[in-house]
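# Sequence unavailable; structure follows:
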């Protein structure tokens, strides 16, 4: 019995990182996740590979799942009017992502919260490489599940329930004490601002993000973990770093420079059950997403209003149809959204629902804006600063609305909330596609056109100063409150 207990405890603490590709993979590094799944859970790896292939080929968006059927029942014409990026039901991609995570997390043999977080981080990297960079909602769902794991781990019962023996627990306590000592010791390194007394600079340099764990092996094969202050700053050198040696790696992630609290490495029997229940709650939230958004329609759309929207968006479409179904009489002006012309499909769908609809050229946006009472814009992503990434052309709509003091309302689900700041300006979460929809290649033989550079971006970045309100499935929020929502949905250590 004692031998089995020690073996279980040893499995709970991931082994050091191994660079040999032929060696068994452990959940100590996100880069090992694929090898670990291949060695221990080939069925789950097959699910991951299939999802990546479907994501690259766009098959997920055309899937005939119960969620897709439910979505199409809200707007019966949505499935027949999909136009490039604007008409796709992105909620399906998000639902499939959560289902994939649930299918992998449930059966796999991870032991602790630290191992599960490493597994999720590795899955996030795999999905990002497969095309998730163009669909930020996929990464958002991975971060959301990681936040759930952290929340459950932080609620670890202090009065028992762990399955770690005294020897390993003493190592965890020793490592915790060493980390705490390094965080408060102002003379432990030669980084800027570290004097003999605590200062703001020394407190910042003692933050966990400046601490990393490095793994190596001795000649005898015994794992060694070196913990030191990271020396990325010009004022910090290796000679001034303090090294602390321990006989166990504790599964820290060297690739992400991530150190988890000690209780993340303890086993808790109810952790798996609680995480799976929380994932089910996320699935239910996605299922009721449009219903919760549409319930707010009558609060923002009133009789006699003239509402302007841009191109095609299923979320905006169902929002307007719900208001019309609740006896709101209003007029909608739809910008055609060249060069993909999603506005034509949007106007047809709204007109068939009995809504007074007018289609205008994009060039007439500024001229018509003086007659508009409100602007409804779709969202590709909501950024951390309260900015909005929307279909290309929405920025000129927001600028015209600002000039005419017309309120701009963005309608989006919370799964589009992205912990990313627009450091790249208009290039944030953007992509350039073929200009063939803008100019015919047969005309490029013209000597004048051959010297013209055609740029065809998929999205626009809209600054938070141009947005008045975000309508989400959990309520309406101003852009200045978005940062608070980030803390409720994602952990700051998982933003990268």
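Arrived safely, thanks for sending. None of the values given here were measured: they were computed from a predicted structure.
# Name the spans of the protein whose pLDDT lies under the cut-off.
For the chain, the stretches with pLDDT under 70 are 1-25, 61-89, 157-258.
# where exactly do the strands run in it?
Taking DSSP state E as the criterion, the chain carries its strands at 211-217, 223-229, 244-246, 306-310, 331-335, 356-360, 374-377, 381-382, 388-391, 408-411, 459-462, 469-472, 475-477.
# Report all helices and strands that the fourth one contacts.
Using 3 or more C-beta pairs under 8 Å, 6 or more residues apart in numbering; DSSP states H and E as the contact test, the elements touching strand 306-310 are helix 314-325, strand 331-335, strand 374-377, helix 394-403. Just so you know, the C-beta spots here come from the backbone N, C-alpha and C atoms, and that holds for glycine as well.
# before we move on, the earlier item: can I get the strands of the chain in TSV including mean neighbour count and distance to residue 421?
Output for these, formatted as TSV (neighbours: other C-beta atoms under 10 Å; distance: least, C-beta to C-beta, whole Å):
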stretch	mean neighbour count	distance to residue 421
strand 211-217	18	24
strand 223-229	19	26
strand 244-246	14	34
strand 306-310	25	24
strand 331-335	23	28
strand 356-360	16	34
strand 374-377	24	20
strand 381-382	26	12
strand 388-391	27	12
strand 408-411	24	18
strand 459-462	23	11
strand 469-472	22	17
strand 475-477	15	18
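# nearest to residue 94, of those strands?
Among those, strand 381-382 comes nearest to residue 94, with 12.2 Å by C-beta to C-beta.
# I would like the residues contacting the closest one, please.
Here strand 381-382 makes contact (C-beta atoms under 8 Å, 6 or more residues apart in numbering) with 136-137, 388-389, 410, 412, 416-418, 420, 429, 470, 482.
# Kindly recompute the last result at 7 Å.
Strand 381-382 has contacts (C-beta atoms under 7 Å, 6 or more residues apart in numbering) with 136, 388-389, 412, 416-418, 429, 470, 482.
# from those residues, which is closest to residue 268?
Nearest to residue 268 among the contacts of strand 381-382, counting by C-beta to C-beta, is residue 417 at 28.9 Å.
# hang on, the earlier thing: of all the helices and strands packed on strand 306-310, which one is nearest residue 128?
Using C-beta to C-beta, these put helix 314-325 closest to residue 128, at 24.3 Å.
# the inter-axis angle of that closest one versus strand 356-360?
Calculated by axes from the mean of the first three to the mean of the last three C-alpha atoms, to 10 degrees, helix 314-325 forms an angle of 140 degrees with strand 356-360.
# Output the contacting helices and strands for helix 314-325.
Judged by 3 or more C-beta pairs under 7 Å, 6 or more residues apart in numbering; DSSP states H and E, helix 314-325 is in contact with helix 289-294, helix 297-300, helix 342-352, strand 408-411.
# Tell me which of the ones you listed is the most buried.
Greatest average neighbour count among these goes to strand 408-411 (a mean of 24), per mean count of other C-beta atoms under 10 Å.
# Direction included, what does that strand pair up with?
strand 374-377 (parallel), strand 469-472 (parallel) (DSSP bridges).
# In TSV: those strands, plus distance to residue 41.
Converted to TSV, the strands paired with strand 408-411 look like this (distance: least, C-beta to C-beta, whole Å):
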stretch	distance to residue 41
strand 374-377	43
strand 469-472	36
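# Which among those is found nearest to residue 96?
For the strands paired with strand 408-411, proximity to residue 96 was assessed by C-beta to C-beta; strand 469-472 is nearest, at 21.1 Å.
# what does that closest one rub up against?
By C-beta under 7 Å, 6+ apart, strand 469-472 touches 293, 296, 300, 382, 409-414, 476-479.
# Try it again at 10 Å.
With contacts defined as C-beta atoms under 10 Å, 6 or more residues apart in numbering, strand 469-472 is touched by 289, 292-294, 296-297, 299-300, 315-316, 319, 374, 376, 379, 382, 386, 388, 407-417, 464, 476-479, 481-482, 485.
# now swap in stretch 37-51 and tell me
24-27, 32-36, 59-60, 96-97, 99-100, 103-110, 119, 122-123, 126-127, 130, 138.
# Which among those count as buried?
Listed as buried from these are 25-27, 32-36, 60, 96-97, 99-100, 104-105, 108, 110, 119, 122-123, 126-127, 130, 138; burial here means 16 or more other C-beta atoms under 10 Å.
# So which of the residues you listed belong to helices?
Per DSSP state H, helices hold the following members of the buried ones among the contacts of stretch 37-51: 33-36, 96-97, 99-100, 104-105, 119, 122-123, 126-127, 138.
# Next up, the contacts around the closest residue to residue 397 other than its chain neighbours.
Leaving aside its sequence neighbours, residue 397 sits nearest to residue 310 (C-beta to C-beta, 6 or more residues apart in numbering; 5.3 Å). Counting by C-beta under 10 Å, 6+ apart, residue 310 makes contact with 86, 316, 333-337, 342-343, 346, 362, 365, 375-378, 390-398, 460.
# Residue 310 bridge partners, please.
Beta-bridge partners of residue 310, counted by DSSP bridges, are residue 335.
# That one and residue 341: what is the separation?
Taking C-beta to C-beta, to the nearest Å as the measure, residue 310 falls 12 Å from residue 341.
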